[in-house]
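**Student:** Attaching a predicted model along with its sequence, questions to come.
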Amino acid sequence: QLDDIKLEINEEVKQYKEKIDEYKKTHKSKLDDPINFGSPTQLAELFYDILGWDNGDKKNPRGTGKDELKVLAKSYRLAELLQEYRKLDKLMSAFLITLPQEVRKTTGKIHTNFNPIGAKTGRMSSSSPNLQQIPSHNTEIRKMFTVPEGYCMFGGDFSGQEVRLMADLCGDENMIKSYIEGKDLYSTIASLAFDKTYEECCEFAADGSKNPKEYKERRSQAKSIVLGLNYGRGIASIAEQINKSTEEAQEIQDKVFKSFPGIPKFIEDSQEFAREYGYVEDRWGRKRRLPDMLLPKIDVVVEDVTKLPNYNPLMDIDDEDLTYVDDETWYYFVDKINDCKWYSQKKKVYEEAASMGYKIVDNSKVVADAERQCVNSRIQGSAGTQTKIALVKIFNNKEFRELGGRIILIIHDEIICQCPIQNIKRCSEILADTMSNAIPDCKIPFPVDIETSIRWYGKSYDPDELIELYDNGKLDTKENLY
């Protein structure tokens, strides 16, 4: 695929040969022949100096990175091909070339290292190599992974784990009721937010047929709002995602908050707790430290003691009292900054403070970042803990181990195992039941989807079908590989 893309790129470049040659006559060019498309310098020269392209970014008008290439790809075939080239080249270097080198000679297998608290939110991380970053969008790479002869691979995936945990943590009655009744939460939210029936906000009708496009759009918008809140996205980011104006997105979010009052209260309570203690907790009390929540959004500190109004040359400049900012001075500058609407106004206040030996520190960005992490840390932290509880219970399940069941990989909310093919029915039942009941005291059901295959992301089998094929010697372990 990479070779084919290279040929296409070279063919596309041929149409610019005259322009390139003309440019080289009058300029000292850094272009190689053939052009090195891995060089940002050469790409910038080709795009902007020779071809006169415009990426629309005033801050980075000569950029050749991912974002700039994405914009240029909308107008130019060459940029589109280079996008594809970079994706494939990254897959080659990061996975296809390096992963086979990770196979241990002693076992013939790849072994990763798991750090149970590797992620700040409490989820496991994987390293040397990182098997959690094997891309799912490129199924060929995952199909490289298989199990020993006579075994099958099966994975349990929590369905909507984080959103269900959000409902559990915020205790909103409407969210909990939706899950208990077996309804789709996003459709329920969309129904209340858009004042439509539940059925008018479902992607599929009761008979399995597809509903009109606008039904699906309502559900998608409600989902983006909820997940946006989950991941700490601002309203501008959510608006962009649902292709609405900021005002329209805010209006939808306000309706969601009104219909599900437990959500805004959960957000507010999480942030207030963090402001007081500097951390938040997941469902089981695991802490995520957020020290930036303790910072004032605007602070005033001493920068130059020699300029302080009360400075005396005979004073000891190391005296701690000199670094203390009295309340009157602190509030004077903070109030002044808060009253400013424009940066030009703020600049004058900064200069006034500097002339008196003070420095105004704007912590608003780091505080806002910490505020966004409050909710996500609690939900994602709870998801990580729930998965770990399930892992321990599966590992300690005597029947599962006696049947040859083994955990082989964890990817966030998915647990992948292997077992002898003859035992797949019972082993997959134990996996699904254990994961679903990892939280015994929870009102909300946690359904688990089970996939069975021989290769990771290979053909999915029904357990009975798989056993029959294996018993009759008709199982093709390379089926659907390419």
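**Tutor:** Received, thanks. Numbering: from 1, shown residues only.
**Student:** State the distance from Ser245 to Gly234.
**Tutor:** Ser245 is 14 Å from Gly234, where distance means C-beta to C-beta, to the nearest Å. No exception for glycine: its C-beta is placed from N, CA and C like everyone else's.
**Student:** typed the wrong thing, it's Cys419
**Tutor:** Separation of Cys419 from Gly234 (C-beta to C-beta): 45 Å.
**Student:** With Ile407 instead?
**Tutor:** Per C-beta to C-beta, Ile407 is found 38 Å from Gly234.
**Student:** What of Gly208?
**Tutor:** Using C-beta to C-beta, Gly208 is found at 37 Å from Gly234.
**Student:** And these two? Which one has more around it.
**Tutor:** Taking neighbours as other C-beta atoms under 10 Å, Gly208 and Gly234 compare with Gly234 leading, 13 against 6.
**Student:** check which helix or strand covers the spatially closest residue to that one that is not a sequence neighbour.
**Tutor:** Excluding its sequence neighbours, the residue lying closest to Gly234 (C-beta to C-beta, 6 or more residues apart in numbering) is Arg372, at 7.4 Å. Per DSSP states H and E: Arg372 is located in helix 364-395.
**Student:** For that helix, buried residues please.
**Tutor:** For helix 364-395, the neighbour count (16 or more other C-beta atoms under 10 Å) marks 367, 370-391, 393-394 as buried.
**Student:** right, and the helix or strand after it?
**Tutor:** Assigned by DSSP H and E, the successor of helix 364-395 is helix 398-402.
**Student:** Does that following helix pack against any helices or strands, and if so which?
**Tutor:** For helix 398-402, the contact count by 3 or more C-beta pairs under 8 Å, 6 or more residues apart in numbering; DSSP states H and E identifies helix 424-436 as packing neighbours.
**Student:** and with 10 Å instead?
**Tutor:** Judged by 3 or more C-beta pairs under 10 Å, 6 or more residues apart in numbering; DSSP states H and E, helix 398-402 is in contact with helix 364-395, strand 414-420, helix 424-436.
**Student:** Now the ones you listed in a markdown table, please, with extra columns for distance to Gln345 and mean pLDDT.
**Tutor:** Formatted as a markdown table, the helices and strands packed on helix 398-402 follow (distance: least, C-beta to C-beta, whole Å; pLDDT from 0 to 100):
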| stretch | distance to Gln345 | mean pLDDT |
| --- | --- | --- |
| helix 364-395 | 16 | 94 |
| strand 414-420 | 52 | 97 |
| helix 424-436 | 56 | 97 |
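**Student:** residues touching Glu203, list them.
**Tutor:** Contact analysis of Glu203 by C-beta atoms under 10 Å, 6 or more residues apart in numbering lists Asp184, Tyr186, Ser187, Lys210, Asn211, Lys213, Tyr215, Lys216, Glu217, Arg218, Arg219, Ser220.
**Student:** same thing but 6 Å
**Tutor:** Each residue near Glu203 by C-beta atoms under 6 Å, 6 or more residues apart in numbering is listed here: Lys216, Arg219.
**Student:** Could you report the separation of it from Tyr215?
**Tutor:** Glu203 sits 7 Å away from Tyr215, going by C-beta to C-beta.
**Student:** For the stretch 251-400 of the chain, give me the ranges with low pLDDT.
**Tutor:** For the stretch 251-400 of the chain, the stretches flagged by pLDDT under 70 are 314-322.
**Student:** Over to the stretch 101-250 of the chain?
**Tutor:** Applying pLDDT under 70 to the stretch 101-250 of the chain flags no residue at all.
**Student:** quick one: terminal-to-terminal distance for stretch 406-421?
**Tutor:** End-to-end span of stretch 406-421 (C-alpha to C-alpha, to the nearest Å): 13 Å.
**Student:** Could you say which helix or strand holds the nearest residue to Met175 once chain neighbours are set aside?
**Tutor:** Leaving aside its sequence neighbours, Met175 sits nearest to Ala167 (C-beta to C-beta, 6+ apart; 3.8 Å). Using DSSP H and E, Ala167 maps to helix 161-170.
**Student:** Extract the C-alpha set from that helix and format it as PDB.
**Tutor:** C-alpha atoms of helix 161-170 as PDB (Å, rounded to 0.1, in the frame of the first residue of the first chain):
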ATOM      1  CA  GLN A 161     -19.100   1.900  30.700                       C
ATOM      2  CA  GLU A 162     -18.200   5.600  31.400                       C
ATOM      3  CA  VAL A 163     -21.700   7.000  30.700                       C
ATOM      4  CA  ARG A 164     -23.200   4.300  32.900                       C
ATOM      5  CA  LEU A 165     -20.700   5.200  35.700                       C
ATOM      6  CA  MET A 166     -21.600   8.900  35.200                       C
ATOM      7  CA  ALA A 167     -25.300   8.000  35.800                       C
ATOM      8  CA  ASP A 168     -24.300   6.000  38.900                       C
ATOM      9  CA  LEU A 169     -22.000   8.700  40.300                       C
ATOM     10  CA  CYS A 170     -24.400  11.600  39.700                       C
END
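**Student:** That helix packs against which elements?
**Tutor:** helix 262-277, helix 364-395 (3 or more C-beta pairs under 6 Å, 6 or more residues apart in numbering; DSSP states H and E).
**Student:** Just give me how far the longest one sits from the chain centre.
**Tutor:** Counting by C-alpha atoms, centre = their mean, to the nearest Å, helix 364-395 is centred 12 Å from the centre of its parent chain.
**Student:** Next: the shortest one.
**Tutor:** Average the C-alpha atoms of helix 262-277, do the same for its chain, and the two points are 22 Å apart (C-alpha atoms, centre = their mean).
**Student:** Which SSE is immediately downstream of it?
**Tutor:** Elements were assigned by DSSP H and E; along the chain past helix 262-277, the next helix or strand is strand 279-281.
**Student:** hmm, who's touching that next one?
**Tutor:** By C-beta under 6 Å, 6+ apart, the residues outside strand 279-281 that reach it are Ser270, Ala274, Lys287, Arg288, Arg289, Leu290, Cys374, Ser377, Arg378.
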